[in-house]
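Asks: After the sequence you'll find the predicted model.
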Amino acid sequence: DGGITQSPKYLFRKEGQNVTLSCEQNLNHDAMYWYRQDPGQGLRLIYYSQIVNDFQKGDIAEGYSVSREKKESFPLTVTSAQKNPTAFYLCASSIVSDGDQPQHFGDGTRLSIL
Amino acid sequence: AQSVSQHNHHVILSEAASLELGCNYSYGGTVNLFWYVQYPGQHLQLLLKYFSGDPLVKGIKGFEAEFIKSKFSFNLRKPSVQWSDTAEYFCAVNAKNTGRRALTFGSGTRLQVQP
């Protein structure tokens, strides 16, 4: 089955620690996205990538970093600079990044601070 | 920057009641509009979308939405809800010709349907 796989499902971070969330897709989609979901705030765009080796900041990129070395992979690193990282993180992909194509979402990673 | 407002944060209905969830956006240019749904324990999935043409769009599971350009609105409706419609609903907008090649989502509306 084609889809998006996010891992791990739950992640705990210690103060001052960087953590990396994995996102893999086998849909052959060019575009990939990372969102943060907080109660009452909906989905906020962190970063997106239109194509391999390219990515753009979204609305809340501070304290996060990404890479796109392979078409199927778009890992998100939550750095120690992100002061409020506790949230539900969603990865998505679409055929192309023109905003017209429906996005396919993963099941998410819930990050908590120890 | 464009924004999307969903004023109903939590809606509680009885089965067979009619549903209307509000969505307003702030961009004055051309837009593509979407409604996504997140059922409990499942991933977000597309409910319906509007690009152009007939402003009344029909989606899956009996949902429909109407684009009213003059009101910057894209409200979601269903004539008779079922318990299985319990979910969180998100409106999203793609503002064309802005250089931003990603959707802007609203804050979501949690719908609870009581049997």
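Replies: Cool, got the structure. Not measured: the values here are computed from a predicted model.

Asks: For the chain, give me the ranges with low pLDDT.
Replies: If you meant another chain, say so; for now it's chain A. For chain A, applying pLDDT under 70 flags the ranges A:1-2.

Asks: I was after chain B.
Replies: Along chain B, segments meeting pLDDT under 70 span B:1.

Asks: ok and the residue in it nearest chain A?
Replies: Using C-beta to the nearest C-beta, the closest approach of chain B to chain A is made by B:Asn94 at 3.2 Å. (Each C-beta comes from the backbone N, C-alpha and C, glycine too.)

Asks: Contacts only, for the residue nearest to that residue when sequence neighbours are not counted.
Replies: Of all residues not flanking B:Asn94 in the chain, A:Gly99 sits nearest, at 3.2 Å (C-beta to C-beta, 6 or more residues apart in numbering or on different chains). A:Gly99 makes contact with B:Asn32, B:Asn94, B:Ala95, B:Lys96, B:Arg100, B:Arg101, B:Ala102, B:Leu103, according to C-beta atoms under 8 Å, 6 or more residues apart in numbering or on different chains.

Asks: Leaving aside the residues adjacent along the chain, what's closest to the fourth one?
Replies: Read it as B:Lys96. Ranked by C-beta to C-beta, 6+ apart and with sequence neighbours excluded, the top spatial neighbour of B:Lys96 is B:Thr30, at 4.2 Å.

Asks: what residues are up against the one you found?
Replies: With contacts defined as C-beta under 8 Å, 6+ apart, the neighbours of B:Thr30 are B:Ala95, B:Lys96, B:Asn97.

Asks: all helices of chain B, in order?
Replies: Applying DSSP state H to chain B gives no helices.

Asks: Tell me the secondary structure at the residue positioned nearest the centre of chain A.
Replies: Nearest to the geometric centre of chain A sits A:Trp34, at 2.8 Å (C-alpha atoms, centre = their mean). Look at A:Trp34: counting by DSSP: H, G, I helix; E, B strand; the rest coil, its state is strand.

Asks: wouldn't it be in contact with A:Tyr89 here?
Replies: Yes. Under the criterion of C-beta atoms under 8 Å, A:Trp34 makes contact with A:Tyr89 at 6.7 Å.

Asks: Quick check: neighbours of the longest strand along chain A in the sheet, parallel or antiparallel?
Replies: Longest strand of chain A, by residue count under DSSP state E: strand A:42-51. Strand A:42-51 has these partner strands in its sheet, going by DSSP bridges: strand A:31-38 (antiparallel), strand A:54-57 (antiparallel).
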